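K.L.:
Fold the following for me, if possible:
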Amino acid sequence: MKTLRFIGMAIIAVIMSVNFMACSDDDEEDKQSNTVIGTWQVTASTYNEEIGDTYTFYSDGKGLLEWEDNDGNDSGTFKYKVNSDYTTISIDYEDGDGYEEICMSITDNALMQWTYADEEDYKMTLKRIK
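P.N.:
Residues are numbered from 1 along each chain as shown. Model prediction:
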């Protein structure tokens with residue numbers, strides 16, 4: 001009887017330890033997948049001419065901005081930095097102005113909201129497309 005009880009306790013201990021390990025891995029995956037890396041399209045902006053522009057963020061801190069103007073399609077590169085809790089992104093469009101600080105929020109890893117620190121009325125919404 002003691003052997004059966006010991007085996008039962010051992011099985012419960014194994015199940016509990018596997019359960020705790022699974023929970024910690026899930027939390028880490030959610031945080032890692034909620035990043036800016038990928039391609040995002042502007043779906044709403046204070047300035048309507050920016051709607052449809054795409055931002056592609058690469059893992060090396062560089063990016064590509066693509067837009068269409070009167071002359072057709074155009075693009076430019078930029079550098080970016082994101083703080084550790086994904087609430088601020090700083091973008092250097094390499095135009096000589098340095099990094100612009102932008103307050104950011106990412107919802108469900110699919111929608112990003114930007115509010116420019118220097119201009120609180122300047123807002124953008126971007127949707128992940130890749």
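K.L.:
Output stretch 62-75 as CSV - backbone C-alpha positions only.
P.N.:
This file holds the C-alpha atoms of stretch 62-75, laid out as CSV (Å, rounded to 0.1, in the frame of the first residue of the first chain):
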residue,chain,number,x,y,z
LYS,A,62,17.4,48.9,-39.9
GLY,A,63,14.2,49.4,-41.9
LEU,A,64,12.7,50.3,-45.2
LEU,A,65,9.9,52.9,-45.8
GLU,A,66,8.0,52.6,-49.0
TRP,A,67,5.5,55.1,-50.3
GLU,A,68,3.8,56.3,-53.5
ASP,A,69,3.8,59.9,-54.5
ASN,A,70,3.0,61.9,-57.7
ASP,A,71,6.1,60.5,-59.4
GLY,A,72,5.3,56.8,-58.6
ASN,A,73,6.8,54.5,-56.0
ASP,A,74,9.7,55.6,-53.8
SER,A,75,11.5,54.3,-50.8
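K.L.:
residues making contact with that stretch?
P.N.:
With contact meaning Cβ atoms under 8 Å, 6 or more residues apart in numbering, stretch 62-75 is reached by 50, 52-58, 76-80, 91, 93. From N, CA and C alone the C-beta is placed, and that goes for glycine too.
K.L.:
partners of the longest strand seen in the chain in the sheet?
P.N.:
Using DSSP state E, we find that the single longest strand of the chain is strand 72-82. According to DSSP bridges, strand 72-82 forms sheet pairs with strand 62-69 (antiparallel), strand 88-92 (antiparallel).
K.L.:
Mean neighbour count, those strands: which tops it?
P.N.:
Stretch with highest mean neighbour count among the strands paired with strand 72-82: strand 88-92 (a mean of 18; mean count of other Cβ atoms under 10 Å).
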